[in-house]
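Asks: The following comprises the amino acid sequence and a computationally predicted model.
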Amino acid sequence: MDKIRIVGGNELKGTIPISGAKNAALPLMIASLLTEEKLILENVPRLADVALLQRILGNHGVDITTNGKRNGDDPYAGQTLEIDARVIVDTVAPYELVSKMRASFWVVGPLLARMGVAKVSLPGGCAIGTRPVDFHLDALRALGADIEIDAGYVLAKAPRGLTGARIVFPKVSVGATHTALMAAALARGESVIENAAREPEIVDVADCLIKMGARIEGAGTSTIRIEGVPRLKAARHAVLPDRIETGTYAMATAMTGGDVMLAGARPDLLEDALETLRHAGAEIDVTNEGIRVRRNGAGILPVDVSTAPYPGFPTDLQAQLMALMTKAKGRSRITETIFENRFMHVQELARLGARIHLDGDTAVVEGVERLTGAPVMATDLRASVSLVIAGLAAEGETMVQRVYHLDRGFEKLEEKLSRCGAEIERISA
Ligand SMILES: CC(=O)N[C@H]1[C@@H](OP(=O)(O)OP(=O)(O)OC[C@H]2O[C@@H](n3ccc(=O)[nH]c3=O)[C@H](O)[C@@H]2O)O[C@H](CO)[C@@H](O)[C@@H]1O
Ligand SMILES: C=C(OP(=O)(O)O)C(=O)O
């Protein structure tokens, strides 16, 4: 298995191009199932999760072509996928594929809405909590589907199509909002989703669905109204920039010191995280090119943060912030409110010399003067990258194992960081 070797201590200086958002690209690819016509997606990141979803969609009979890169093309430009779901040959999403990635479960909504039937394995994904799918299933039931669970599979049927309904989520769920939105787009009549997730990735999917002919209002607010249409049509859409990748490199820069331009980043997608970084002592400037992050001389200041649904501080940046706080001048408190088991990085950060103790859903971090390199491994994507951030500031060598987690969500991680002066390389097994 590949490893990432880091020798810490270098400041980051230069430009990091921000890729398309994984968490928008995945549901956008899934939205292709809603139409017989072609969906063209630009700025799709080259990630293991995207490749896996291509396989899953291929299994349903979807044809996907990826544009070839021409000589002289920007190697960091996202790929363009032409997705053609004209014929769906199979409405089963098998355990072998769905168990590897949470978002693949979301095919259930479009398959059911278009084909009237879907059999989808219960999902896997990052081990950060129990992550049930009850809200997804309740939403589909509200739209008139008959749902059973048998031998680890969700069997969903709506032979006469779905019917618009009022769906009230008991708690904000990104995935369940995607499911409800995509299913309601092809339902008969009006649907209203209350307590909908407001994440920018929901807005991106809604924008694409609108280009495909869907009638949706209110995406980005807690109430989304959808007037179902009988069919959707071809569209072209560019995936929005990845706010989690943006925040991750912003925190890496705040950690090492230096001066980095996050090219193509959109500051409006992560205002809370940028404000947190300002409090931690980073200088953040918004320019036409993107977001410039600097920390020159001054140390890192402690901050107290609670994760929350958008527009709050994202849970997907919690581990990275914790890595940064390991070297803060004082005590910080980081509370995780979304997932009950998202502190797997704590014991690994401790290997590098971090002082963190857990108090229920809160991690209390006592900043230390120095971290020292060590072998580490993590069990999920954002935890893994938090170890990279800590490694960049640790003395000596840090070896991050289980690199496949990083490959799920960070495009060209080593290249992007080494271009800015980090000593980081992949060691292939
Ligand atoms: C591919 C993708 O976009 N993944 C993101 C998505 O995950 P995902 O969509 O899986 O996360 P949710 O927003 O659904 O989860 C929020 C909370 O709701 C709970 N819940 C959710 C669904 C359900 O049916 N029942 C239930 O109880 C979850 O266990 C969790 O406690 O949003 C999370 C929260 O921003 C992010 O961390 C993930 O990176
Ligand atoms: C938790 C994440 O992914 P997933 O929902 O696919 O597990 C993530 O992107 O941080």
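Replies: Okay, I see it. Numbers count the residues shown, from 1 in each chain. Ligands and ions are numbered 1, 2, ... in the order given.
Asks: Contact partners for residue 373?
Replies: 6-8, 352, 391, 394-399 (C-beta atoms under 8 Å, 6 or more residues apart in numbering). No exception for glycine: its C-beta is placed from N, CA and C like everyone else's.
Asks: closest to ligand 1 among the residues you listed?
Replies: Using C-beta to the nearest ligand atom, residue 391 is the member of the contacts of residue 373 that sits closest to ligand 1, with 22.4 Å.
Asks: so which strand or helix has that closest one?
Replies: helix 381-393 (DSSP states H and E).
Asks: hmm, back to that, of the contacts of residue 373, which pair is most distant in space?
Replies: Across the contacts of residue 373, no pair lies farther apart than 395 and 399, at 14.2 Å, counting by C-beta to C-beta.
Asks: Where does the prediction get shaky in the stretch 151-300 of the chain?
Replies: Within the stretch 151-300 of the chain, the set of residues satisfying pLDDT under 70 is empty.
Asks: Around ligand 1, which positions in it sit nearby?
Replies: 171, 173-176 (C-beta under 6 Å from any ligand atom).
Asks: What are the contacting residues of whichever helix or strand residue 51 is part of?
Replies: Assigned by DSSP H and E, residue 51 belongs to helix 48-59. Outside of helix 48-59, the residues within contact range by C-beta under 8 Å, 6+ apart are 22, 25-26, 29-30, 32-33, 44, 64, 81, 83, 85, 90, 92-94, 97-98, 100-101, 103-104, 107, 404, 407-409.
Asks: So which of those residues reach ligand 2?
Replies: Contacts with ligand 2 are made by 101, 103, 409 out of the contacts of helix 48-59, judged by C-beta under 6 Å from any ligand atom.
Asks: coming back round to it: now the contacts of helix 48-59: which count as buried?
Replies: For the contacts of helix 48-59, a burial check counting by 16 or more other C-beta atoms under 10 Å picks out 22, 25-26, 29-30, 32-33, 44, 64, 81, 83, 85, 92-93, 97-98, 100-101, 103-104, 107, 407-409.
Asks: Just the ones in strands from those residues, please.
Replies: Within the buried ones among the contacts of helix 48-59, residues falling in strands by DSSP state E are 44, 64, 81, 83, 92-93.
Asks: where does whatever residue of the chain ends up closest to ligand 1 fall, phi/psi-wise?
Replies: Here the residue of the chain nearest ligand 1 is residue 175; by C-beta to the nearest ligand atom that distance is 2.8 Å. Backbone torsions of residue 175, given as degrees, to the nearest 10, read phi -60, psi -40.
Asks: State the number of residues packed around it.
Replies: Neighbour count for residue 175, taken as other C-beta atoms under 10 Å: 21.
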